[in-house]
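Peer 1: What follows is a predicted structure for the sequence shown.
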Amino acid sequence: DVSLEIGMDKIENLCCAHGQMLRKRLAAIDRVNVHHYNDLDQKMCGIVTFWCDGIEASTMKEKLQNDDRGDGCCCFHLSVVPATSTPLDSSRTGLGMKQLLRASLSYFNTKDE
């Protein structure tokens, strides 16, 4: 199995590093809000949840999946989730019923992706 050859510790570290990098890049974009961005001192996984002020999550997902490469393929899995999928966090951040985008990164993603 490829994952066993790579090693679970290395996979965990790659996923966490990719997630942290994506959080920082998204947070640098105007109107993009990253769920848990202020928690970067904690070890976080490769699942990144975010939203963009003034743009519906489903519209943003479509734009990202149809990026400038023209192949209709995003390099990582994107899903639209309700803020209620993280009820404790949503109540703390006041997101209410807003929909969020969730990017799921993997160890086979690269920094460029």
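Peer 2: Great, that's in hand.

Peer 1: now the spatially most central residue of the chain, what's its secondary structure?
Peer 2: For the chain, the residue nearest the mean C-alpha position is Val48 (2.5 Å; CA atoms, centre = their mean). Classification of Val48 using DSSP: H, G, I helix; E, B strand; the rest coil returns strand.

Peer 1: That one and Leu4, how far apart?
Peer 2: According to CB to CB, to the nearest Å, Val48 and Leu4 sit 26 Å apart. The way it works is simple: take the backbone N, C-alpha and C, and place the C-beta from them, glycine included.

Peer 1: And the strands in the chain, which stretches?
Peer 2: With DSSP state E as the criterion, the chain has strands at 32-34, 47-52, 77-82, 99-104.

Peer 1: Now tabulate those in CSV and tack on distance to Lys24.
Peer 2: Converted to CSV, these look like this (distance: least, CB to CB, whole Å):
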stretch, distance to Lys24
strand 32-34, 9
strand 47-52, 10
strand 77-82, 18
strand 99-104, 13
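
Peer 1: State the distance from Ala103 to Leu26.
Peer 2: Ala103 is 9 Å from Leu26, by CB to CB.

Peer 1: The residue nearest to the centre of the chain: what's it in contact with?
Peer 2: By CB atoms under 8 Å, 6 or more residues apart in numbering, Val48 lies in contact with Gly19, Leu22, Arg23, Leu26, Val34, His35, Arg102, Ala103, Leu105.

Peer 1: hmm, try it at 10 Å
Peer 2: By CB atoms under 10 Å, 6 or more residues apart in numbering, Val48 lies in contact with 18-23, 25-26, 34-37, 76, 78, 101-105.

Peer 1: what about burial for those, which qualify?
Peer 2: Taking 16 or more other CB atoms under 10 Å as the criterion, what is buried in the contacts of Val48 is 18-20, 22-23, 26, 34-35, 76, 78, 101-103, 105.

Peer 1: Sweet, I'm off.
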